[in-house]
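Asks: only geometry, no sequence info:
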C-alpha cells in the first residue's frame, strides 16, 4: 500500500511521526487532502481539526489533532507540519481547559481597553474555545 511519511511538530515537542495512508489538513480557505504522490506545496494552516488516516497495518484508525495556525510542507513522499498550537483530541482535559480559559479571561479583564497585551489573552481564550468545541463528549452519570 502506498504511504506518506508524516512529521507533526508543535513548538514544544514532536506530536506525531510515522507512515500514514493519507491526511486532511485544515487551511484558512478550507480542507486539503494529502495522499502519496501529492504535488509539492507549502500551505498555511488554519484553525480546526487535522485528520490523520493511519495505515491498516498500523491500526487503520484516524488520529484527530486540533490545530491553530502554522504551516505544512508537502512533497510526494512526506508532509511536515509546523503548528503554532496543536493538541490530539484524545489529550484534551475539558476541566483543565476551562480553568485555563477562566484565568485568561480574568487576566485580560484586568488590563485596560486598548492595551495591546489583551491580544495575547484573546488568542489564549480562542484556543481554549477551539479545544472545548472539539473535546471528547462528556457523558452524564
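Replies: Alright, I've got the coordinates. If you're wondering where the values come from, they're calculated on a predicted model, not measured in any experiment.

Asks: every contact and neighbour count from this point should use C-alpha atoms.
Replies: Noted.

Asks: residue 65 belongs to a helix, doesn't it?
Replies: No: read with DSSP: H, G, I helix; E, B strand; the rest coil, residue 65 is strand and lies in no helix.

Asks: what's the neighbour count on the residue nearest to it when sequence neighbours are not counted?
Replies: Spatial nearest neighbour of residue 65, excluding adjacent residues (C-alpha to C-alpha, 6 or more residues apart in numbering): residue 88 at 4.2 Å. If you count neighbours by other C-alpha atoms under 10 Å, residue 88 ends up with 18.

Asks: looking at the protein, which residue reaches furthest from the middle?
Replies: Outermost residue of the chain with respect to the C-alpha centroid, by C-alpha atoms, centre = their mean, is residue 112; its distance is 31.2 Å.

Asks: before we move on, back to that, let me see the contact set for the residue nearest to residue 65.
Replies: By C-alpha atoms under 8 Å, 6 or more residues apart in numbering, residue 88 lies in contact with 63-66.

Asks: so which residues of the chain form strands?
Replies: 4-10, 13-27, 30-34, 41-44, 47-54, 62-74, 78-88 (DSSP state E).

Asks: make a markdown table out of those strands and add mean pLDDT and distance to residue 101.
Replies: Below are the strands of the chain laid out as a markdown table (pLDDT from 0 to 100; distance: least, C-alpha to C-alpha, whole Å):
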| stretch | mean pLDDT | distance to residue 101 |
| --- | --- | --- |
| strand 4-10 | 95 | 20 |
| strand 13-27 | 95 | 22 |
| strand 30-34 | 96 | 27 |
| strand 41-44 | 97 | 26 |
| strand 47-54 | 95 | 17 |
| strand 62-74 | 95 | 16 |
| strand 78-88 | 95 | 15 |
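
Asks: Throw those into CSV and include distance to residue 99, thanks.
Replies: Output for those, formatted as CSV (distance: least, C-alpha to C-alpha, whole Å):
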stretch, distance to residue 99
strand 4-10, 22
strand 13-27, 23
strand 30-34, 31
strand 41-44, 30
strand 47-54, 21
strand 62-74, 19
strand 78-88, 17
